[in-house]
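Q: Build me a model:
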Amino acid sequence: MIRRFRRIGALGACTVAAVALATAAPAAAHDDGFEFTLYAKEVPVSGASESAPAPKAGDTFTFADDLYKTKGGDKVGRDGGVCGVVRVSGDQADANCIGTFALNGGPGGQLTAQALTTFDITNEQPAAFDVAVTGGTGDFKSAHGYIRVTPDGDYQRMDFHITTR
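A: Okay, the predicted model is just below:
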């Protein structure tokens with residue numbers, strides 16, 4: 001269960017979260033923002049267990065991902081965050097996740113994001129979900145927008161829609 005929740009939380013959070021822009025330009029840059037896609041691959045957490053008990057309200061978990069321009073391509077950054085389980089009902093759990101994406105290259109800086117997301121705790125591959133961008137630094141000062149997180153095999157595809165004015 002913990003691994004499932006960590007993977008879901010990858011905001012990169014997970015949720016939450018998770019993102020970096022590499023030295024290459026994003027897919028589309030506008031005068032007032034950016035649109036680009038990155039791929040997050042989970043960094044295993046030491047001591048995590050596949051056979052952990054079912055989550056309960058009050059449980060927390062952390063996540064960390066390496067970020068790539070393409071699956072298996074150049075590493076362009078990292079993300080990390082924390083999620084708290086706020087509700088469990090049957091096979092569904094709500095987690096409130098907050099994450100930070102370290103962005104390398106140009107443009108550069110950091111993005112913060114958060115989401116309250118419902119997950120099926122029995123499903124290894126969760127459904128796609130959106131994460132709100134809540135701020136940024138550097139080239140992403142005054143950032144807002146959203147990140148669409150979609151499971152993609154061993155990765156999570158993250159489509160960024162960022163406005164900076």
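Q: Neighbours of Arg148, how many?
A: Other residues near Arg148 number 14, with proximity taken as other C-beta atoms under 10 Å. C-beta coordinates here come from the backbone N, C-alpha and C atoms, glycine included.
Q: How far does the lengthiest strand in the chain sit from its chain's centre?
A: Of all segments of type strand in the chain, defined using DSSP state E, the longest is strand 75-89. Chain-centre distance of strand 75-89: 7 Å, with C-alpha atoms, centre = their mean, to the nearest Å.
Q: And the helix or strand just after it, what does it pack against?
A: Next in sequence after strand 75-89, counting helices and strands by DSSP states H and E, comes strand 92-103. Under the contact criterion of 3 or more C-beta pairs under 8 Å, 6 or more residues apart in numbering; DSSP states H and E, strand 92-103 touches helix 2-9, strand 75-89, strand 109-120.
Q: Sheet partners, orientation included, of the longest strand of the chain?
A: Using DSSP bridges, the strands paired with strand 75-89 are strand 60-68 (antiparallel), strand 92-103 (antiparallel).
Q: How far away from the center of its chain is the shortest one?
A: Its chain's C-alpha centre lies 7 Å from the corresponding centre of strand 60-68 when counted by C-alpha atoms, centre = their mean.
Q: Which among the strands paired with strand 75-89 is found nearest to Ile147?
A: strand 92-103 (8.5 Å; C-beta to C-beta).
Q: Now that closest one - C-alpha only, CSV.
A: Written as CSV, here are the backbone C-alpha positions of strand 92-103 (Å, rounded to 0.1, in the frame of the first residue of the first chain):
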residue,chain,number,x,y,z
GLN,A,92,-11.3,5.0,-1.6
ALA,A,93,-8.9,7.4,0.1
ASP,A,94,-8.5,11.1,0.0
ALA,A,95,-5.0,12.5,0.3
ASN,A,96,-4.0,16.1,0.6
CYS,A,97,-0.6,16.5,-1.1
ILE,A,98,1.9,19.3,-1.3
GLY,A,99,5.0,19.2,-3.5
THR,A,100,7.9,21.2,-4.9
PHE,A,101,9.5,20.8,-8.3
ALA,A,102,13.1,21.9,-8.7
LEU,A,103,13.6,23.2,-12.2
